[in-house]
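Chemist: The sequence isn't on hand, but the structure is:
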């Protein structure tokens, strides 16, 4: 934030002027309150979608299009009297909303607004929670009612929302929908909730700290470890599903779907316990993560190789590879974790790094998250909900600028750490344009490693490294590299990532629908793997797509927690037949 000049106004005064202009439906005066390069990010409050408006002209167009329908009113400010940034609360004709504004020289540099609740359909939480008592004359208790609901949904009663995938994203969204009274069914191919994590490699822990990873409504206990072991997370998710009364068909494969334009619903086929069943939900939410199918290179000679070949998604533990020559192709999170696990089991793996990788020390990652997600933040009264809101309040283009500054500081403060890696021949980058890990994640969700120990193994040689050259072909017992060198191998592990989310749509619905919705993830930065045009928001995530009734929900635990609220509100508005436009 630049220094404020002597004539700058406070948030309180700015909000008064802004509210008065909106009340008069004076779009020109309201948009003039923004800096020339200012931006307004809106989540449902004005647009019923997730969209960022950049510059006064775009902001003026937003207000001209939406003011009459939205009817914003009753603005209040939560900030110190002379503060230049702070919280806003207001109402629209649809519901209660919240905002956060940052001023620069008396004008709004950023404004973030988000719908919080729908008038007349507020979530029954806190003071609005149910009593738990039943005033009808029958003898059914909670268990009876719960069992009836489970038996009926998908049989006598069709789910309004079908969530495909029961990982943390599907569970978080289903919990929001359940609280909002929307008939929802999750279908998941695993036998138990949490099996997505239990099936991962043995040494896996989350790379983000616990304060970043809470689930909606039920945070992790205060004694929870900072970095969650994968099986512990799996058990938590299974308990979460039970506590939140979620309706889940485990052991169920989603096999096909088609949209009925006349009936405005889906015809879905699933296979449950080996038996085909038909469902007719109004909406389908693909909650299968933020990636598609395992991606494995098709190297010349792969069929001649007499050893074992695995994708990283098939790897469980290095125990079975003791005494074998193991080559790991890739240099991102999974590759490093697998190599570290192999070392811990007495194996010296060779990592093949085909292109440069961004590496961030785990301690530095925690330090970067500390202002919003840490014990210190909690002690200062910053709730998870407020931290999420602040995290979302910075528009994408300004996030890029801020991240460049942050990563220049990281490169300087951790210079010795990076020098040890480059000395070992490891090829580093801080993103194509220096914007670092977070923007890489939002662009392609690949190309980085949050270090929880493997970097030191690369630096000291416990993990052998072959960098900057690709694989030319395989022989029966080795890999021939692009520079002509040969690496003997008994086992090859392909830590080469996954395809895109729309692959699921192509397989489960149709190639035509996949083409219709277009790419999922990325925001049009114009960098490798994230082609333009610029959109400034993650494509097709948590908002309407080009296919009626089809939605995507995914991302890390923090994104699943935050955006599940807003996807649930959109589905709630449609369930209640509110007259929304977006």
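Modeler: Thanks, I have the structure now. It should be emphasised that the depicted structure is a prediction, and the values quoted were computed from it without experimental measurement.
Chemist: so what's residue 5 scoring on pLDDT?
Modeler: The predicted local confidence for residue 5 comes out at a pLDDT of 52.
Chemist: Could you give me the buried positions within stretch 451-467?
Modeler: 451-452, 454-455, 457-459, 462-467 (16 or more other Cβ atoms under 10 Å). Just so you know, the C-beta spots here come from the backbone N, C-alpha and C atoms, and that holds for glycine as well.
Chemist: Among those, which lie within strands?
Modeler: Of the buried residues of stretch 451-467, the ones assigned to strands by DSSP state E are 451, 464, 465, 466, 467.
Chemist: Specify which member of these is nearest to residue 494.
Modeler: Nearest to residue 494 among these: residue 466, at 14.8 Å, using Cβ to Cβ.
Chemist: and the end-to-end length of stretch 171-187?
Modeler: This stretch, stretch 171-187, spans 11 Å end to end (Cα to Cα, to the nearest Å).
Chemist: Can you mark which positions in that stretch are buried?
Modeler: 171-180, 182-187.
Chemist: any weak-confidence spans in the stretch 1-150 of the chain?
Modeler: For the stretch 1-150 of the chain, residues meeting the criterion pLDDT under 70 lie at 1-7, 135-136.
Chemist: At which residues are the helices of it located?
Modeler: Along the stretch 1-150 of the chain, counting by DSSP state H, counting those that start in this stretch, helices occupy 11-23, 27-31, 55-70, 142-152.
Chemist: For residue 581, find the nearest of the ones you listed.
Modeler: Closest of the helices of the stretch 1-150 of the chain to residue 581 is helix 55-70, at 6.3 Å (criterion: Cβ to Cβ).
Chemist: other SSEs contacting the closest one?
Modeler: Applying 3 or more Cβ pairs under 8 Å, 6 or more residues apart in numbering; DSSP states H and E, we find helix 55-70 packed against helix 27-31, strand 34-43, strand 50-54.
Chemist: can you tell me which of the buried residues of stretch 171-187 are in strands?
Modeler: 184, 185, 186, 187.
Chemist: and of the residues you listed, the nearest to residue 23?
Modeler: Using Cβ to Cβ, these come closest to residue 23 at residue 184, 38.4 Å.
Chemist: That closest one reaches residue 176, doesn't it?
Modeler: No. Counting by Cβ atoms under 8 Å, residue 176 is not a contact partner of residue 184; they are 9.2 Å apart.
Chemist: quick one: terminal-to-terminal distance for stretch 42-58?
Modeler: Span of stretch 42-58 from end to end, Cα to Cα: 13 Å.
Chemist: Could I get the full set of strands for the stretch 351-500 of the chain?
Modeler: With DSSP state E, counting those that start in this stretch as the criterion, the stretch 351-500 of the chain has strands at 358-361, 448-451, 464-467, 471-474, 478-481, 486-488, 491-494.
Chemist: contact partners of the second one?
Modeler: Contact with strand 448-451 is made by 207-208, 331-333, 335-336, 357-362, 365, 437, 440-441, 455, as judged by Cβ atoms under 8 Å, 6 or more residues apart in numbering.
Chemist: partners of the longest strand along the chain, with directions?
Modeler: Across the chain, the longest stretch assigned as strand under DSSP E is strand 107-118. When pairs are called by DSSP bridges, strand 107-118 turns out to pair with strand 34-43 (parallel), strand 95-104 (antiparallel).
Chemist: list the contacts for the closest residue to residue 447 other than its chain neighbours?
Modeler: Nearest residue to residue 447, sequence neighbours excluded (Cβ to Cβ, 6 or more residues apart in numbering): residue 440, at 5.1 Å. By Cβ under 8 Å, 6+ apart, residue 440 lies in contact with 358, 431, 446, 447, 448.
Chemist: Neighbours of the first one, how many?
Modeler: Right, the one you point to is residue 358. Neighbour count for residue 358, taken as other Cβ atoms under 10 Å: 21.
Chemist: Let me see the contact set for it.
Modeler: By Cβ under 8 Å, 6+ apart, the contact list for residue 358 reads 428, 429, 430, 431, 436, 437, 440, 447, 448, 449.
Chemist: Quick check on the residues you listed: which are buried?
Modeler: Taking 16+ other Cβ under 10 Å as the criterion, what is buried in the contacts of residue 358 is 430, 431, 436, 437, 440, 447, 448, 449.
Chemist: And the contacts of residue 358, which is closest to residue 261?
Modeler: Nearest member of the contacts of residue 358 to residue 261, counting by Cβ to Cβ, is residue 440, at 39.1 Å.
Chemist: Can I get the contacts of residue 358 in CSV including distance to residue 496 and pLDDT?
Modeler: Formatted as CSV, those follow (distance: Cβ to Cβ, whole Å; pLDDT from 0 to 100):
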residue, distance to residue 496, pLDDT
428, 19, 97
429, 18, 97
430, 22, 97
431, 20, 96
436, 23, 97
437, 19, 96
440, 17, 96
447, 12, 94
448, 15, 96
449, 14, 96
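Chemist: Flag the least confident of the buried residues of stretch 451-467.
Modeler: For those, the pLDDT minimum is residue 452, 89.
Chemist: Can you report how many residues neighbour the closest residue in space to that one that isn't next to it in sequence?
Modeler: Closest residue in space to residue 452, ignoring its immediate chain neighbours: residue 362 at 4.9 Å, by Cβ to Cβ, 6+ apart. Residues contacting residue 362 under the criterion other Cβ under 10 Å number 17.
Chemist: so what's residue 362 up against?
Modeler: Counting by Cβ under 8 Å, 6+ apart, residue 362 touches 207, 227, 450, 451, 452.
Chemist: quick one: pLDDT of it?
Modeler: Note for residue 362: predicted pLDDT of 91.
Chemist: picking up where we left off before, how about the buried ones among the contacts of residue 358 in JSON lines, adding distance to residue 212?
Modeler: Shown next, in JSON lines, are the buried ones among the contacts of residue 358 (distance: Cβ to Cβ, whole Å):
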{"residue": "430", "distance to residue 212": "21"}
{"residue": "431", "distance to residue 212": "20"}
{"residue": "436", "distance to residue 212": "16"}
{"residue": "437", "distance to residue 212": "13"}
{"residue": "440", "distance to residue 212": "17"}
{"residue": "447", "distance to residue 212": "20"}
{"residue": "448", "distance to residue 212": "16"}
{"residue": "449", "distance to residue 212": "17"}
